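Visitor: The sequence isn't on hand, but the structure is:
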């Protein structure tokens, strides 16, 4: 019996050590993924939110806009934090640490950063082209939906 306890202790210690190692590797992957998400998704989301926020507030008085701006920013910060946590965990499950490091290198590449900056600049021709195409597609979808709701009133022929 006395010989069994040390063996059980050793087995438990080894198992615990393996579990801690696995947890540490998972935490490393989450941290790597978090860095990628912060540098990409949430950064671009923040820029887009600020632009949309100001367009939304433009029709309000300055006092109303100031009051609402704080509420909107808090709501955005909460949603951004949830998104950051959830995406980081998801990517950590889907990618190994080496894969995440490779992805991070792509985003750190100066040429890729230049490419992203052009796409993120609301005044760039690339952004205008994209917005125009998205608007046309959304209008096409709206027209098709309206045509289905009112047979014969749009570009989509009624069902026979």
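Guide: That came in fine, so what should we check first? The model shown is predicted, which means the values in this text are computed figures rather than measured ones.
Visitor: got a list of contacts for stretch 111-131?
Guide: 40, 44, 47, 51, 106-107 (Cβ atoms under 8 Å, 6 or more residues apart in numbering). The way it works is simple: take the backbone N, C-alpha and C, and place the C-beta from them, glycine included.
Visitor: among the residues you listed, who's most crowded?
Guide: residue 40 (16 neighbours; other Cβ atoms under 10 Å).
Visitor: in the chain, which residue is closest to the centre?
Guide: The centre of the chain sits closest to residue 41, judged by Cα atoms, centre = their mean, with a distance of 4.1 Å.
Visitor: got a pLDDT number for it?
Guide: We have a pLDDT of 78 for residue 41.
Visitor: by contact count, what packs against the strand or helix carrying residue 80?
Guide: When elements are assigned from DSSP states H and E, residue 80 belongs to helix 62-94. Where contact means 3 or more Cβ pairs under 8 Å, 6 or more residues apart in numbering; DSSP states H and E, helix 62-94 is packed against helix 4-39, helix 41-57.
Visitor: what pLDDT, on average, does that helix get?
Guide: The pLDDT scores in helix 62-94 average 93.
Visitor: Looks like the residue nearest to the centre of the chain contacts residue 87 (just checking).
Guide: Yes. Using Cβ atoms under 8 Å, residue 41 is in contact with residue 87, at 6.4 Å.
Visitor: Quick one: residues contacting the residue nearest to the centre of the chain.
Guide: Contacts of residue 41 by Cβ under 8 Å, 6+ apart are 83, 87.
Visitor: re the thing from before, lowest-confidence entry in the contacts of stretch 111-131?
Guide: Within these, lowest confidence goes to residue 44 (75).
Visitor: do you know how far residue 141 is from residue 69?
Guide: As for residue 141, its distance to residue 69 is 31 Å (criterion: Cβ to Cβ, to the nearest Å).
Visitor: and the two? which has more neighbours close in?
Guide: Between residue 141 and residue 69, counting by other Cβ under 10 Å, residue 69 is the more crowded of the two (15 against 10).
Visitor: Before I go, just wanted to say thanks for your time.
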